[in-house]
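**Student:** 3D, please:
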Amino acid sequence: MNLVSHRPALVAAGVLALLAGLVAHLPARLALAWFAPPGISAWGTSGTVWNGQVSELAVQGRSLGALRWEARPARFLALRPTWDIELRRPDGYVRGRVGASLSGRSQYFDDLEASLELGTLPPAIVPIGVTGQLRLSAQKLYLVNGWPREVAGRAAVSELQLPGVIMPLGPFSFHFPEQTPPVGTITSTGGPLAVDGRIELPELGRWLFSADLGPGENPPRELVDGLVFVGEDLGDGRRRLVLSSDP
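**Tutor:** I've put the predicted structure just below:
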């Protein structure tokens, strides 16, 4: 073997191993203090960036729960820092793999599972006044500049309460097959409101929602009367609703 010709590769491998070792021993408390985005706070921090936990993680002053993480060394050597995470809270959990690009512009999630009450999450994640039980199973979620670039998975929401709506809605099922840009479907699986819709995320900051709505199972009179003022009339009590980010 010609050691001279392989020297650059050996040096690069040595540098990567040194950096990985430094990161592995960086206390989690210091990492959070230096790199945590504004609005994120943590208490009871222990361990390192490689393997650690916080007893309480909060976003904008609202608690998300207790968080544990463990790094995947091979991903660090490939310059794709990745951790197995588990978030526990009284009403549910989140677990999966999360990683980020070195620039910090993109984040990716694999094998993400969650069961949560929507109303307990911070306003930065769920708007104020929205409540309901969420169950999520996502094989892939890839964000660029905070916007979904790739989504593959399913979710279900039940007992959905929206501001200004006098009754809980659902259950609803969401399905995003793996495609780019993301396009998903939303369908009702019972409840007073029948929904058959589509969600499109064509590019950064742009979205389109379209759905056929109608009376579902045992709809109250208030819902049937209220549908008259929603969207386009399709006949037989059904309406077409189209919403988008465009003006």
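**Student:** which SSE is the residue nearest the centre of the chain in?
**Tutor:** In the chain, the centroid-proximal residue (Cα atoms, centre = their mean) is residue 141; its distance is 7.2 Å. Using DSSP states H and E, the element containing residue 141 is strand 131-144.
**Student:** that strand: which residues count as buried?
**Tutor:** By neighbour count on 16 or more other Cβ atoms under 10 Å, the buried set for strand 131-144 is 131-136, 138, 141-143. All C-beta spots, glycine's among them, are computed from the backbone N, C-alpha and C.
**Student:** quick one, helices of the protein?
**Tutor:** Taking DSSP state H to define them, one finds helices in the chain at 7-24, 28-35, 73-77, 221-227.
**Student:** low-confidence ranges, this structure, go.
**Tutor:** The model of the chain has pLDDT under 70 over residues 1-25, 34-35, 74-79, 124, 247.
**Student:** from residue 210, how far out is residue 193?
**Tutor:** 16 Å (Cβ to Cβ, to the nearest Å).
**Student:** between these two, point out the one with more neighbours.
**Tutor:** Neighbours were counted for residue 193 and for residue 210 using other Cβ atoms under 10 Å; residue 193 has more, 21 against 16.
**Student:** what's near enough to touch the residue nearest to the centre of the chain?
**Tutor:** Neighbouring residues of residue 141 by Cβ atoms under 8 Å, 6 or more residues apart in numbering: 108-109, 112, 148, 150-153.
**Student:** what's the answer for residue 240, then?
**Tutor:** Taking Cβ under 8 Å, 6+ apart as the test, what residue 240 contacts is 210-213, 231-234.
**Student:** rerun that using 10 Å as the cut-off
**Tutor:** Listed by Cβ atoms under 10 Å, 6 or more residues apart in numbering, the contact set of residue 240 reads 197, 210-213, 230-234.
**Student:** count the residues that sit near residue 206.
**Tutor:** 13.
**Student:** against residue 200, how distant is it?
**Tutor:** In terms of Cβ to Cβ, residue 206 sits 8 Å off from residue 200.
**Student:** what residues are shared contacts of those two?
**Tutor:** The contact sets of residue 206 and residue 200 overlap at 181, 244 (Cβ under 10 Å, 6+ apart).
**Student:** bridged to residue 175, which residues?
**Tutor:** In this entry, residue 175 is beta-bridged to residue 154, residue 185, by DSSP bridges.
**Student:** neighbours of it, how many?
**Tutor:** For residue 175, using other Cβ under 10 Å, the count is 14.
**Student:** identify the residues contacting it.
**Tutor:** So residue 175 contacts 152-156, 184-187, 199 (Cβ under 10 Å, 6+ apart).
**Student:** and the furthest pair within these?
**Tutor:** 152 and 187 (17.5 Å; Cβ to Cβ).
**Student:** test my guess that residue 172 contacts residue 132.
**Tutor:** Yes. Residue 172 is within contact range of residue 132, at 9.1 Å (criterion: Cβ atoms under 10 Å).
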